[in-house]
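Novice: structure for this input, please:
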Amino acid sequence: VHYWNWVERQVALDSGVPAIANHEGKIISTDTDKIILSRNGDALGIPLGKCIKKGKLLVDGAATVGGELTLGKNVLAETGDILVGKLTPQVAKESSYAPEDRWEGSSHRCEMDGRPIDMVFNLLGVPSRMNVEQLLECLLGLAGSLLNRYYRIAPFDERYEQEASRKLVFSGLYQANKHTANPWVFEPKYPGKSRIFYGRTRSPFEQLVIIGKPYILKLIHQVDDKIHGCSSGHYALVTQQPLRRRSKQGGQRVGEMEVWALEGFGVAHIFQEMLTYKSHHIRAHQEVLGTTIIGGTIPKPKDALESFLFLV
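Specialist: Here you go, the predicted structure:
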């Protein structure tokens with residue numbers, strides 16, 4: 001399963017200003033059959049699929065032929081990437097794309113017929129966002145793929161009949177069960193749920209889960225582009241706290257979500273370090289940095305923090 005990672009547009013105008021590619025990828029579309037793509041200024045025909053490397057000189061000198069090309073790149077979704085469906089955004093928890101990840105030697109989850117699960121979403125993301133419709137869409141997509149059908153559902157179909165959406169989905173699963181002769185597609189006791197197996201041991205999971213084919217898009221928000229860390233950086237003059245944003249080589253030492261995650265483990269002393277003299281205490285921060293390099297015990301500051309002095 002491949003996704004278009006990002007799309008970038010490079011314009012070659014009759015300006016004489018050199019244009020340099022900021023990203024790499026393959027040309028997936030153009031608005032003209034010829035565009036400047038050489039050092040000597042010749043107009044070349046650009047076939048779709050031509051690879052462009054980062055830093056390549058697109059225009060050098062006065063361009064006589066102008067055009068716009070779109071670059072794309074094939075990447076695999078990783079754990080932490082932002083995905084979005086028709087109803088809600090999700091975060092990829094687990095992915096399995098290798099064709100050999102089936103029964104033998106597989107550590108991923110597999111369906112009843114041995115097919116690996118591409119993505120696993122957290123079940124807490126459904127009731128918290130109050131979008132049960134994505135479950136119905138997921139099941140209806142499975143029924144449509146098995147029956148080779150396409151569905152177009154009108155919004156607010158519950159006004160025509162009570163439980164209309166659920167009846168439509170279960171009816172599609174029942175027809176797919178009869179068409180494919182697979183009893184796991186529709187189980188009367190647990191309609192809409194199927195049993196999955198652990199690929200390495202072939203043992204089934206205790207609870208049944210919902211398996212289907214929803215409409216999922218991958219956004220440009222990649223987890224690799226968001227990972228950022230620095231041992232020391234710039235500080236604001238007023239609060240003596242790290243500057244925000246990754247582009248400024250800053251960022252909070254511990255954000256709000258990190259605090260929530262650590263609170264579950266009761267790490268009071270780690271909070272004492274991260275939120276005080278490891279964060280915005282001028283003298284103590286310098287001592288902590290030196291202690292980290294040469295070793296020793298981290299000293300505890302006795303005076304107030306810069307944020308407290310700012311409030312006072």
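
Novice: need the CA coordinates for the longest helix seen in the chain. PDB is fine.
Specialist: Longest helix in the chain by number of residues, with DSSP state H as the criterion: helix 164-180. Backbone C-alpha positions of helix 164-180 (Å, rounded to 0.1, in the frame of the first residue of the first chain) are rendered in PDB as follows:
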ATOM      1  CA  ALA A 164     -31.700   2.000   8.600                       C
ATOM      2  CA  SER A 165     -27.900   2.300   8.500                       C
ATOM      3  CA  ARG A 166     -27.400  -0.800  10.600                       C
ATOM      4  CA  LYS A 167     -29.900  -2.800   8.600                       C
ATOM      5  CA  LEU A 168     -28.200  -1.800   5.300                       C
ATOM      6  CA  VAL A 169     -24.700  -2.800   6.600                       C
ATOM      7  CA  PHE A 170     -25.800  -6.100   8.100                       C
ATOM      8  CA  SER A 171     -27.700  -6.900   4.900                       C
ATOM      9  CA  GLY A 172     -24.600  -6.300   2.800                       C
ATOM     10  CA  LEU A 173     -22.500  -8.500   5.100                       C
ATOM     11  CA  TYR A 174     -25.000 -11.300   5.000                       C
ATOM     12  CA  GLN A 175     -25.100 -11.200   1.200                       C
ATOM     13  CA  ALA A 176     -21.300 -11.200   1.100                       C
ATOM     14  CA  ASN A 177     -21.300 -14.200   3.500                       C
ATOM     15  CA  LYS A 178     -23.600 -16.100   1.100                       C
ATOM     16  CA  HIS A 179     -21.700 -15.000  -2.000                       C
ATOM     17  CA  THR A 180     -18.200 -15.900  -0.800                       C
END
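
Novice: now for the helix or strand just after that helix, which elements pack on it?
Specialist: Remark: after helix 164-180, the chain's next helix or strand is strand 197-198, criterion DSSP states H and E. On a contact count with 3 or more Cβ pairs under 8 Å, 6 or more residues apart in numbering; DSSP states H and E, strand 197-198 meets strand 109-110. From N, CA and C alone the C-beta is placed, and that goes for glycine too.

Novice: check which element follows the strand it packs on along the chain.
Specialist: Moving toward the C-terminus from strand 109-110, the next helix or strand (DSSP H and E) is helix 133-147.

Novice: helix 164-180 and that next one, what's the angle between them?
Specialist: Put simply, helix 133-147 runs at 30 degrees to helix 164-180, going by axes from the mean of the first three to the mean of the last three Cα atoms, to 10 degrees.

Novice: how many neighbours does residue 150 have?
Specialist: Neighbour count of residue 150, defined by other Cβ atoms under 10 Å: 8.

Novice: and it, what does it touch?
Specialist: With contacts defined as Cβ atoms under 8 Å, 6 or more residues apart in numbering, residue 150 is in contact with residue 144.

Novice: distance check, it against residue 216.
Specialist: Noted for residue 150: a distance of 17 Å to residue 216, by Cβ to Cβ, to the nearest Å.

Novice: go on, residue 310?
Specialist: 45 Å.

Novice: so those two - more neighbours on which side?
Specialist: The neighbour count for residue 310 versus residue 216, taken as other Cβ under 10 Å, is higher for residue 216 (19 against 14).

Novice: on that earlier part again, who are the packing partners of the longest helix of the chain?
Specialist: helix 133-147.

Novice: output the helix it packs on as CSV, restricted to C-alpha atoms.
Specialist: Output of helix 133-147 as CSV, limited to C-alpha atoms (Å, rounded to 0.1, in the frame of the first residue of the first chain):
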residue,chain,number,x,y,z
GLU,A,133,-20.6,6.2,11.4
GLN,A,134,-17.0,5.3,10.6
LEU,A,135,-17.7,1.8,11.9
LEU,A,136,-20.6,1.4,9.5
GLU,A,137,-18.5,2.7,6.7
CYS,A,138,-15.8,0.3,7.5
LEU,A,139,-18.1,-2.7,7.4
LEU,A,140,-20.0,-1.6,4.3
GLY,A,141,-16.6,-1.2,2.5
LEU,A,142,-15.8,-4.8,3.3
ALA,A,143,-19.2,-6.0,2.0
GLY,A,144,-18.7,-3.9,-1.2
SER,A,145,-15.3,-5.3,-1.9
LEU,A,146,-16.5,-8.9,-1.5
LEU,A,147,-19.6,-8.3,-3.6
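
Novice: other residues contacting that helix?
Specialist: So helix 133-147 is contacted by 85-88, 126, 149-151, 153, 165-166, 168-169, 172-173, 175-176, 179-180, 182, 185, 192, 210-215 (Cβ under 8 Å, 6+ apart).

Novice: flag every buried residue along it.
Specialist: 133-144, 146-147 (16 or more other Cβ atoms under 10 Å).

Novice: can you put the residues you listed in TSV and add distance to residue 274 and pLDDT?
Specialist: Formatted as TSV, those follow (distance: Cβ to Cβ, whole Å; pLDDT from 0 to 100):
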residue	distance to residue 274	pLDDT
133	40	80
134	36	82
135	39	84
136	43	85
137	41	86
138	40	87
139	44	88
140	46	89
141	44	89
142	45	89
143	50	90
144	49	90
146	51	89
147	54	90
